[in-house]
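Trainee: Sequence and predicted structure are below.
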Amino acid sequence: MTMSSSFVECKILSIKVPVKCLKCGNTFEVDAWIADEQTTEIKDMGPEVQRIIEYDGECPKCGNHLYFEIYSWEYPPGFLEEIEIDHKEGIDFT
């Protein structure tokens, strides 16, 4: 997963996520969107930010329905602390 850091004056809106269709095996990148972003806690080195990353679409090769929801936490700012896959359908991550 490619995710660049947010800056004080910028906000991440989408990220590229490499996936594999479980129906046809096609591997490609999808543009997932940030469905929600919030500061969960202010710590010593700044805010901890939680993002919910979602994708709902189709495989460009076979049309299989693809969906995922990922939770990510960034702390300190600019450092990806943790990623948790909450739900996925029709895909695997590469």
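Mentor: Received, thanks.
Trainee: and the longest strand anywhere in the chain, what other elements does it pack with?
Mentor: In the chain, taking DSSP state E as the definition, the longest strand is strand 27-43. In terms of contacts (3 or more C-beta pairs under 8 Å, 6 or more residues apart in numbering; DSSP states H and E), strand 27-43 is packed against strand 14-21, strand 46-58, strand 65-74. In short, each C-beta sits where N, CA and C put it, glycine included.
Trainee: what about stretch 77-91, average pLDDT?
Mentor: Across stretch 77-91, pLDDT averages out at 93.
Trainee: Put the alpha carbons of it into CSV.
Mentor: Provided in CSV are the C-alpha atoms of stretch 77-91 (Å, rounded to 0.1, in the frame of the first residue of the first chain):
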residue,chain,number,x,y,z
PRO,A,77,2.7,12.3,12.3
GLY,A,78,4.2,10.9,9.0
PHE,A,79,4.7,7.3,10.5
LEU,A,80,2.3,4.5,9.7
GLU,A,81,1.9,2.8,13.0
GLU,A,82,-0.7,0.0,12.3
ILE,A,83,-3.0,-1.3,9.6
GLU,A,84,-6.0,-3.6,10.3
ILE,A,85,-8.1,-5.2,7.5
ASP,A,86,-11.7,-5.0,8.7
HIS,A,87,-13.4,-6.5,5.7
LYS,A,88,-12.5,-7.6,2.2
GLU,A,89,-14.5,-9.2,-0.6
GLY,A,90,-13.3,-10.7,-3.9
ILE,A,91,-9.7,-9.5,-3.5
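Trainee: Thanks again, I'm all set now.
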